[in-house]
Structure formats: C-alpha cells, structure tokens
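K.L.:
sequence plus the predicted model coming up.
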Amino acid sequence: MSTDAPVPNLSHLPPEMLDFTLSKTFGALAPRLGRLTLPGRKPLLTPDFLGNTSRGAVPHISQDIYRSRANLGGVYIALEDFVEKHPQKIPPVLQYDVPEPLRRFIALPDAALLVLGARRMPPLPTPMSNTNSEVALQTSVGFKTISLEYYAAAARKLQPDIVIGLADIPFGQESVSTKRKDKMSDRTEAWMRDIIAKRNGIDKGERRFNIFAPFLPLDKDLQQWYLEHLVDEMADHISGIAIYDAYLLDDLPEELHKLPRLSLHPPASPQELLRQISLGMDIFTIPFVNEATDAGIALDFTFPAPEPREDTKTSRRSLGIDMWQPEHATSLIPLSTGTSCSCYACSHHHRAYLQHLLNAKEMLGWVLLQLHNHAILSSFFAGVRASISASTFAADVAAFEAYYEPQLPEKTGQGPRVRGYQFRSQDHAKGEKKNPKAYSKDLEGKVKTVKVFAAHGQEPKEKPETRNLIDDEALEGLVDLENLRLEDGNGNGKGELELEDDENGRASSSSS
Amino acid sequence: MAPVPMPSALSLELLGKCSVTKARAATLHLPHGPVPLPIFMPVATQASLKGLTPEQLEEAGCRLCLNNTYHLGLKPGQATLDAVGGAHKLQAWPHNILTDSGGFQMVSLLKLAKVTEEGVRFLSPHDGSPMLLTPEHSISLQNSIGSDIIMQLDDVIATTHPDMVRMTEAMERSVRWLDRCIKAHKYPEKQNLFCIIQGGLDLDLRRKCTAEMVARDTPGIAIGGLSGGEEKDSYCKVVDTCTSLLPENKPRYVMGVGYPEDLVVSVALGADMFDCVWPTRTARFGNAITAQGVKNLRNAAYSEDFGPIEEGCQCICCRTREEGGLGITRAYIYHVTAKETAGAHLLTMHNVFYQLNLMKRVREAILEDRYPAFLRDFFSKLYADKSKYPEWAVTALRGVGVDLLSD
C-alpha cells in the first residue's frame, strides 16, 4: 500500500493547496497508487471513492452517523441541490456567513474532503441545453440555468476543497452532432479559463478552491484544441482532471498524467470499476452503491476475491444478497458471507432484522444497508490498493471476474419512494406513476383508495383510522402522491398551497 | 374472583415526592436495567424508531421504548420472533421494551373491528383473511416478543362513546380479560404485566375499574382509553381520580400521551409513564419540539435561519461543532426535510431528546421539591402571556395546588 509513500511537507503551502503524490505507477493506462492531501483533511489514499450526496447528505446517512459509523474520505456535492431558489432569491447556503459555509451547512466533519460539481451524479437530462454562458441544471423544483459567473461566485462563497470546472455536455442526448461536439470543446475551454481567472482573482488571504478540469467524452481530435490549451496555458492552475468517459483515458495528454483523476463515468458494476482502475483512474463516485441500497441489496464482494473452493468452482458467486428474500427472515448471521465485514450493520445486526425492516418499510433498513454497502466499497478499495502495491492487480482482477457474476443482482423488492430527482420525467404527458397506489380494505373486503393528506410532508388532519399507517407510508414513499388530489380534512382542494416539492412541480400542479 | 398472587419482575424505588402536587420521582428497576421515573417512552412501532439506529436512540438518552404487538405480530410474525429469540435480539436493543396488547391498533387502525367476549375480530390488512385477537393470543405474542413490560388486552372504545351500556361492558370486559391475561402469562418472573384501567370519562366507572384492577395486583398499572379526542378537562379528572386510588409502590402509566404540556400536567396529577408517537411522527413532517412550542421548519421563514433547531438544546443536532455536536441549522432542516430521509432522522433525534430531557428536568425539579416553580416556568416559556395558557391546564394544576396565573 502507499503507506510507504513519502508524506509531503505541506507547511510552506497555502492552507488550501492540494497535493497529489503518486507512489506507484506502471506507466500510462495502468493502475496507480496515490495520496491526495489537503491540510486539515483526511488524506485520501487512491484509488478510493467519495460518498455521493443528495442535498448535502449521503442518502439515508444522517450526519452523526457519517461521523461515527461511515468511513469515508470525502463526498461529492452537486450545486444543483442547493440553488432551487435562484434567481428569485439568493439560495440560503450562499447567505450563510461562516467560514466554510457549505461544510457547516451540511454538517460534515472537517476531515471530509468536499468536492463540488454543478450536476448530481449521475446527472438527469435537462429540457434545455447549455448556452455559451449558461449551464442548465435540474433542481428539486425544476429546470434552472446558472451563469459562469454564478458558478464561480458560488464556489468562492461555499469554499469546498475541490471544484469541478463546468463542462458543456448534453446529458441524456443519444446522438450529438459534430458541430455540437465542437461547441462542447470550445465552451468548456472558455469556461475553464473563466473559472481559473475568477479563482486566481481571489485575494491571497481568502480560502481558494482547487480546480479539476473536465476531460470531455469526445474523441481526441474533437477536444484536441481544448486539451492543448489546458496543457499549455492552464496546467499550472488546475489540480486534477474530472473524466466523463473512462475509456478515453488513452487520449489524456501526458503532461496531465501527474494529476489526480476523478471519474464521473458511473461504473455499472465492481468489474467495471476495476476496469477503470486498471486504466489509471484514482477517485470515484459510485451511484450503484446507493442503487443497491434502495433495491434492498447488501453488497457482498471482496477484493481480491476469496480462494475458490472446490464446490463453488462451477458457479459464480453473486455480488450482492437480496435482503428481500424470505429465506433471511430468521437468519441470525451478519449481512456479509465469507470474510467478516466490520460495518455497523454487520457487527450489531443480522439478516433477520434487515429483512424485517425492509418488509415493514422501516427507514432504518436503508440506513443499515447503506452503511454496509459503503463499508464493502471501502474494503474493496483497500484491497485494490494492497493488490496494486503487491503488483498482483491484473491477476487479482482476473480472479475476481472468474469468481463473481458480472452484474449486480436484479432488484426484486420495493425501494423507498422514488423521489423527483430520481425520476426521468422527460415525458410528462404520460403521467406514468412512480410509485404504486395505496389501497385499504374495509371489513367487507371492499377495496378503496386511501386519500392521502400527508402529501409532501404536510401534517395530516388527525384521522385516527389512517394516521398511524397511511401518513407514514405517504411520507416514506409507499403510496403515490403525485396522482392524488391534495385535499384537507374538509375535502377542500389544497391546490393553492405553496409546496416546496421535489417532483418538478408535478404533484402540486396535478391538484389544480 | 380472588386475586391471583403475581410475581413481579420490577421494583419501584420512590426517591421523592412533590410537597404540593402529586408528582413523584423514582427509579424503576426493570429486567434490562433501571429507568428514571417520570419517563417518556418513544415508540418504535415495528421494532425500529423511525430511521434511528438503536445506538442513536441510546445516545438520545432512551432506556425504555415501545414496540407494538399488533405490528410485530403481523411482521415479522410470532414464528420469526420465536426463532430469533424475541424483540431485543431482533432489533439489538440492550435496554427495556414495553409492548402494548395490540387492542388499541385493532380499533384505531381497523375501523370495522368487532369486539366480542372472545376477543377482537378483524381482517388481516395483508390478505383480508379474518383474524381474531384474544387475551391469550396477545399475551402469547408478548411472551414471544419478550418485552420487559407487557400490557393486558383491553376492550378499547373511544372515551367519547355515547353509550353508557357499552362503556360499562367494555370496562367489565377489560377486567375479565385481565384475568385471562394473567392466566395466560407464561413468564411473570421476567415480564411485567400491567393492567389497564378503563371506564371512559365516567369517574364512577373508573373508580370501580381501578378497585378491580388493583385487587389483581399486577406489577404496574395503566390508565387507558384516553387521548382519544376527549376534552382535556375530562382527561385530567380521570387521571387525577385514578392515581388517588392507586398504591404508591407501583408505576402508573398513562397511555398515548406525549404533548409536552400534557406530560408536565399529568406528572403533577401523579402519573409516571407516558408514550406517544407524536414526537417522532411530527418530526417527519418537519416539526421541531421546542420549549417555545412546535416549530414547523418547512415554513419558508426558516429557510434562511441559521440558528440551531432550538437555542440552548444539548441534542447532537443542536450542539455546535465546537461542543461536539453537528451544528445543524434550521435552514438545513428546511433544505432536507421530506426530500431526504436523513432530514427526518435529524429532527427525530432532536424531538426524542427534547422529550427525554423534559422528563429529566421534571424529575430533577421533583427531587429538589420545586416542581410548582418548574411548572410556572414551563408554561411561561411555552406561551407568550398568561392569557394564552390553556384553561384545562390551569384548572387541573389548581386542583393539585399550583396556580399558574399567580406570580
């Protein structure tokens, strides 16, 4: 492992200066070991991953648990989670007048590395495209645009450790014309120059952020011009590269190889993660962790893979355990099979409880799964680093691929309520339901739809016969809210209620 | 019927009594450790306190929480509970658990449940098949759950029920069902069965029921059927009447009570134990309980409010980073509530802490014999001026010697 890497002396550097030391590389397109250091932060030994936040929190993980029970080096944060009031109002977090307002607002510890980007990971497509000076965002209340100036000013005010420069990428668009591709490169170049100038204009005494430059998902010749300028004119001002397509790493100019590489190319599986690592990727955000959690799947893999036993040689092992399966109902063993997992869920709880919590739609189920799944990834990366250090990585990857199934298991159970930002709502007219309807039966067995008064977290009228069950379910996501007419207890529509909604205004508009 | 001598798995250590009101401070020794009285018990309905880990619940100061028999009977079910070894093992909770009998949910959740002498008949919410909950079945379930305090199955009807005949029947049936529960209870040496006094708002019925229940000598005594929409004045009269007839050496539990002002008044009326889902449910709707009242942090007014949830609160959310807390702001709760479950978890922790800390302060005040002053201070913080004090509280407290309106 990179523990033998020399610890750089940072005392002469400005307090926010990022240092990245590679302790082991095998040349281009090969796995590498590094150590990313920022004064005051926990050093990040790479390859490693960042927690992927939603509205400032790793989903299901409250900040006290992040501190006591999650073992993460840092998190990725999207600006679009904070600016839904723009431009009518200055978003609250930008008004928080304390040192490091973002860190304090989302209440994460000083040791956590904070990486700020414009879009969530993975980003949802926006209905409008970017312009020369504006970037399209998808906030919890819908589509917004922000200017370059706004992004730079927000970065300066929020004081994250690392800011990813804006990239002009038409997310969700299947085919992109060559003309548009040229524009992507041109704009990204101009936007990078802009944010570097803005950052360099920050007074010496003030905290400066470090910039990661986007590496576009374009063929080499199409972003050649941008990359040349990045190398010739901007290299001294950037601290890392944010990579949108890991399989183009070959095209990354050699002059930039010493910089840390953040993958914004979401891997679909651990195997794909390993492929990215083998190409020399350093830092990841891994949406499949949260997806597995919401699907009720406890990840169950280690790197290197265990020695194959005689009896298991024929069939490959699953990468995760579907905790919805009834066979776990009385199982008192930890979530992980094989090697012991030291996460809070495995050391304090058993499968029977997890199965019960999922069955009962209790939020704690997802908390425990999320802790476990993050711990599995942390151990995975520790194993990866040890393997690279021991120069056995290629063989270990081959053994891993032989040992495990290539894909995560299919989701079988119901997850928590699909929130607006998870719903790809390109086709509003169809009114497809995100969540199933709730029904209740009366004694005669007549099925009726339950009216939900708790839509959008509005406290319901006191209805003893429904409040215990239905309102909780409404809040926690088991009944559909967006298709219901919002009513108060007197049957009056509540369409005029101003709701801060997370469905892009869908639910509130459905009531009018 | 002759009283059945009953073993007890608890002891009540009375530590202090208010010299003015009927308030008591004690330590209740239970199979999974001592708990302070008076106590508020958070409700972990389905063996989980709404998103909190047992560790977080412990951190908030909780040593006795509720599980609901009805819910655990459905999920994970008795067979699973037996296989796992009870609810403590299921949820990895090393402290005490109290379970209700399941009767209340039956009536409150299932509009058309039918009560007969045999038990409560209802349709399974899962598949609509007819089911029957008898006193024996309820106790058997609670034996499988292994809770430290178990409740008798009672015939619960709304206190506002207009039919006196039905009310009397429910009271008398509850007594008969207690006898069946006592008989069915397999582990009296490790699980404490509490009786439940019924009788609606009729004080004579309540007195009769109290006498019958006390004669059966259960380890603890509950006052049931309340907090179902009755006038607060009537509620207070029932609690006051019952506690006056109860032996001093047994804990008194008023079921379903949890608003802060209800708690402090009920303590003054001589009650020791309370439970309610309100603090944790209301948290999930963005409501923070504070000494100044409930604040809905989903109100846009809080979106730019960078103060703590409650000024001076010592919960993990409200303490500053410098004090080892998270330094959560109202603005952040506004930002995250109803959008990420973590927001609900944060407010749930605050509200549970508030309730437990309130009872801690109540207990200290009783032990130092300054509970009347505590009550005056409590109401003066909760309401801007005396004209706003709820009349029922003023009346009830005057009845036990405290005049909230005097200076």
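P.N.:
Cool, the structure landed.
K.L.:
low-confidence ranges in the chain?
P.N.:
Because you didn't say which chain, this covers chain A. Chain A contains residues with pLDDT under 70 at A:1-15, A:310-313, A:338-339, A:417-512.
K.L.:
switch to chain B, that's the one I care about
P.N.:
Scanning chain B for pLDDT under 70 picks out the ranges B:1-5, B:107-112.
K.L.:
does the residue in it sticking out farthest from the centre count as helix, strand or coil?
P.N.:
Ranked by distance from the centre of chain B (CA atoms, centre = their mean), the top residue is B:E304, with 35.0 Å. Three-state call for B:E304 (DSSP: H, G, I helix; E, B strand; the rest coil): coil.
K.L.:
so what's it closest to, chain neighbours aside?
P.N.:
Excluding the flanking residues, the one nearest B:E304 by CB to CB, 6 or more residues apart in numbering or on different chains is A:P92, at 4.8 Å. Backbone N, C-alpha and C define where each C-beta goes, glycine included.
K.L.:
for the one you found, give me its contacts.
P.N.:
A:82, A:85, A:105, B:303-304, B:331, B:334-335 (CB atoms under 8 Å, 6 or more residues apart in numbering or on different chains).
K.L.:
most widely separated two among those residues?
P.N.:
The span of the contacts of A:P92, defined through CB to CB, is set by A:K85 and A:F105 at 14.0 Å.
K.L.:
and those two? which has more neighbours close in?
P.N.:
More neighbours surround A:F105 than the other of A:K85 and A:F105, with 24 against 19 (other CB atoms under 10 Å in any protein chain shown).
K.L.:
OK, contacts around the more buried one?
P.N.:
Residues counted as contacts of A:F105 (CB under 8 Å, 6+ apart) are A:56, A:92-93, A:96, B:329, B:331-332, B:335.
K.L.:
need the buried ones from the residues you listed selected in ChimeraX.
P.N.:
What follows is the ChimeraX syntax selecting those of the contacts of A:F105 that are buried according to 16 or more other CB atoms under 10 Å in any protein chain shown:
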select /A:56,92,93,96 /B:329,331,332,335
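K.L.:
confirm for me that B:T395 is in contact with B:D233.
P.N.:
Yes: with contact defined as CB atoms under 8 Å, B:T395 reaches B:D233; the gap is 6.3 Å.
K.L.:
what about stretch B:117-128, near chain A?
P.N.:
Yes: applying CB under 8 Å from any CB of the partner chain, one finds stretch B:117-128 touching chain A at B:122-123, B:125, B:128.
K.L.:
so which of those are in strands?
P.N.:
When the residues of stretch B:117-128 next to chain A are checked against strands using DSSP state E, the ones located there are B:122-123.
K.L.:
possible to save the residues of stretch B:117-128 next to chain A as CSV with neighbour count?
P.N.:
As requested, those are arranged in CSV below (neighbours: other CB atoms under 10 Å in any protein chain shown):
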residue, neighbour count
B:F122, 22
B:L123, 18
B:P125, 14
B:G128, 15
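K.L.:
which parts of the stretch 101-250 of chain A are strands?
P.N.:
In the stretch 101-250 of chain A, the segments counted as strands under DSSP state E, counting those that start in this stretch are A:113-117, A:134-139, A:142-147, A:162-164, A:210-215, A:240-243.
K.L.:
need the winner for burial among these.
P.N.:
Of the strands of the stretch 101-250 of chain A, the one with the most neighbours on average (mean count of other CB atoms under 10 Å in any protein chain shown) is strand A:162-164, at a mean of 27.
K.L.:
direction included, what does that strand pair against?
P.N.:
In the sheet containing strand A:162-164, the strands it pairs with under DSSP bridges are strand A:113-117 (parallel), strand A:210-215 (parallel).
K.L.:
run the chain-centre distance for that strand.
P.N.:
The chain centroid and the centroid of strand A:162-164 are separated by 15 Å, computed with CA atoms, centre = their mean, to the nearest Å.
K.L.:
wait, isn't B:I145 in contact with B:V84?
P.N.:
No: using CB under 8 Å as the test, B:I145 is too far from B:V84 to be in contact (10.3 Å).
K.L.:
measure the closest residue to A:S278 other than its chain neighbours to chain B for me?
P.N.:
With CB to CB, 6+ apart as the criterion, A:S278 has its nearest non-adjacent residue at 5.3 Å, and that residue is A:P31. Taking CB to the nearest CB, to the nearest Å as the measure, A:P31 and chain B are separated by 34 Å.
K.L.:
which residues touch A:P31?
P.N.:
Contacts for A:P31 were tallied using CB under 8 Å, 6+ apart; they are A:47, A:277-280, A:384, A:388, A:393.
K.L.:
now for the residue most central in space within chain B: which residues touch it?
P.N.:
Chain B has B:D275 as the residue nearest its centroid, 1.2 Å off, counting by CA atoms, centre = their mean. Going by CB under 8 Å, 6+ apart, B:D275 touches B:40-43, B:66, B:98, B:253, B:255-258.
K.L.:
what of B:H345?
P.N.:
A:62, A:363, A:367, B:50-52, B:56.
K.L.:
from those, which single one is nearest B:V115?
P.N.:
Comparing every one of these with B:V115 (CB to CB), the shortest separation belongs to B:K50, at 29.7 Å.
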